[in-house]
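Trainee: Quick one, fold the following:
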Amino acid sequence: MIPFWANRRQLTQTVTPSNANGRITYVQCHICHDLSKGFRASTVGESRILEDGNMSAIQGKPMGEVFTQERQLDSAATKEENTAESTKYLRIALRLVGLTFIFGIYSFCLVWPSGWAWHAGPMPYYLQMILGVYATLGVFLLIASRNPPAHSSLIWFTVWSSVVHAGIMGAQALGNPEHVAHLWGDVPALLAVAGILALLTRRAARTQGRL
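Mentor: Model prediction:
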């Protein structure tokens, strides 16, 4: 059995015999990984080694392939952790925006009509239609928060539709002094939604190598 303190070179020398006869023996092999702080030994399993041949295999695979596969597994695990971390805040943002679209806009229209509603008095028909559209979008954003990368088109639609909507309302508020309160009400709110979702979505896509 190869001692746990053996380094990779010692291991290679141990399991690389010459090509004399071809008789197969079964031994237990330990692979040691060179780490920044010492060594780590991990049991791979029974190795099939040619006693005096110059081919060695661990579970039927060459040593180099085993090391390559382990590096790939480590890389895949690291990528998965980075992906989960990068989408964590995007999922939170999607839930908050979704709930705001469902309940928040209507509430703001009631408590701050000068900054969120464009007509005083009873709720007009146009506002009811807009609230219905945004509430529906909010429901789908909540669904998208479960797996943001699979709903990137919906997220980008939310981003750009919010920018367009805010731009139109901003121009109308500037052209009509009685609606100037929208410049610090729904206009910056929609721009903030678009900016946050765009930033977090690009960050998540960059982490996954999509950009």
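
Trainee: Next, the buried residues of the host helix or strand of Ala194.
Mentor: Element membership of Ala194, judged by DSSP states H and E, is helix 186-207. Neighbour-count burial for helix 186-207, counted by 16 or more other CB atoms under 10 Å, picks out 186-187, 189-191, 193-194, 196-198, 200-201, 203-205, 207. In short, each C-beta sits where N, CA and C put it, glycine included.

Trainee: Of those, which is the nearest to Pro122?
Mentor: Minimum separation from Pro122 among these (CB to CB) is found for Asp186, which lies at 19.2 Å.

Trainee: picking up where we left off before, between the buried residues of helix 186-207, which is closest to Leu131?
Mentor: Nearest to Leu131 out of those is Asp186 (CB to CB; 12.1 Å).

Trainee: Quick check: that closest one vs Asn147, distance?
Mentor: Distance of Asp186 to Asn147, given as CB to CB, to the nearest Å: 29 Å.

Trainee: again, but for Leu183
Mentor: As for Leu183, its distance to Asn147 is 36 Å (criterion: CB to CB).

Trainee: quick one: which of the two has more around it?
Mentor: Neighbour count, other CB atoms under 10 Å: between Leu183 and Asn147, Leu183 has more, with 14 against 10.

Trainee: which residues does that one contact?
Mentor: Remark: with contacts taken as CB atoms under 8 Å, 6 or more residues apart in numbering, Leu183 is in contact with 170, 173-174.

Trainee: Sketch out the low-pLDDT regions of the chain for me.
Mentor: Along the chain, the parts satisfying pLDDT under 70 run over 1-83, 209-211.
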